[in-house]
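Trainee: quick one, what's the 3D model for this:
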Amino acid sequence: MRIYTKTGDDGSTGLLFGSRIPKSHPAAEAYGTVDETVAVLGLVRAVTKDQTLGELVLGIQRDLFVLGADLATNPEKRSKLQPGSSLVTTDMVERLERVIDDEVERNPLPNEFIVPGANTVSAFLDVARALARRAERRSVELRESGQEVNPEGLRYLNRLSDLLFVLARAAAGPGEAPSRPRE
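Mentor: This is a model prediction of the structure:
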């Protein structure tokens, strides 16, 4: 089996359950940015020594594969999506909310803007956060172009960026630099 199919040589890509779209299509932009987020979260897992964080991030990566499938589906075949495996659900969003609440309780948020980069793990979490925000914007663009977008997928991305912010602050610890020098 070869990894290359040559079907995309014309600038198109396939959707789940059939049909093709240009690689520049808003759907390809949305699920492509989700894929970028998955990749950067892989960097988090590769560098963290915190097993609990690594397991949490792996679960998020798996959720993002669900979201990617949700966004990469032929619009005429959305009825074939399966909750939790190819369709983002309310439960997935609520799970993120519980983790956010628990993490904020353990590590209260700063009262000022923070410059990312206190350490490698927190910096990668911040890059993943920025990509999750872009994936959310691209998903909104897809919806605004007239294509059906699962509202739970949008909610998931919104909560995910919040969670990644919280996790980055926790991973950084007290060594983070504020956006303005302290007087």
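
Trainee: which residue ranges of this protein form strands?
Mentor: Under the criterion DSSP state E, the chain contains strands at 12-14, 20-22, 114-115, 177-178.

Trainee: residues touching the closest residue to S179 other than its chain neighbours, list them.
Mentor: Once flanking residues are discounted, S179 sits nearest to F113: 3.7 Å by Cβ to Cβ, 6 or more residues apart in numbering. Heads up, the C-betas are built off the backbone N, CA and C, glycines and all. With Cβ atoms under 8 Å, 6 or more residues apart in numbering as the criterion, the residues that contact F113 are 178-180.

Trainee: looking at these, which has the most residues close by?
Mentor: The member of the contacts of F113 that has the most neighbours, counting by other Cβ atoms under 10 Å, is P178 with 12 neighbours.

Trainee: could you report the neighbour count for the closest residue to it other than its chain neighbours?
Mentor: Take P178 and drop its neighbours on the chain: the residue closest to it by Cβ to Cβ, 6+ apart is E112, 4.8 Å away. E112 has 10 neighbours, counted by other Cβ under 10 Å.

Trainee: assess the claim that E112 and E176 are in contact.
Mentor: No. The criterion here is Cβ atoms under 8 Å, and E112 misses it with E176 at 9.6 Å.

Trainee: leaving out the residues flanking it, which one is nearest to the residue most central in space within the chain?
Mentor: By Cα atoms, centre = their mean, the mean C-alpha position of the chain lies nearest to A132, the distance being 4.2 Å. Spatially, and ignoring its direct neighbours in sequence, A132 is nearest to S161 (4.2 Å; Cβ to Cβ, 6+ apart).

Trainee: shouldn't that neighbour be in contact with R137?
Mentor: No. In this structure, S161 is not within contact of R137 by Cβ under 8 Å, at 10.5 Å.

Trainee: give me the more crowded residue out of the two.
Mentor: Higher neighbour count among S161 and R137: S161, with 20 against 14, using other Cβ under 10 Å.

Trainee: contact partners for the more buried one?
Mentor: Contacts were defined as Cβ under 8 Å, 6+ apart; by that measure S161 touches 129, 132-133, 136.
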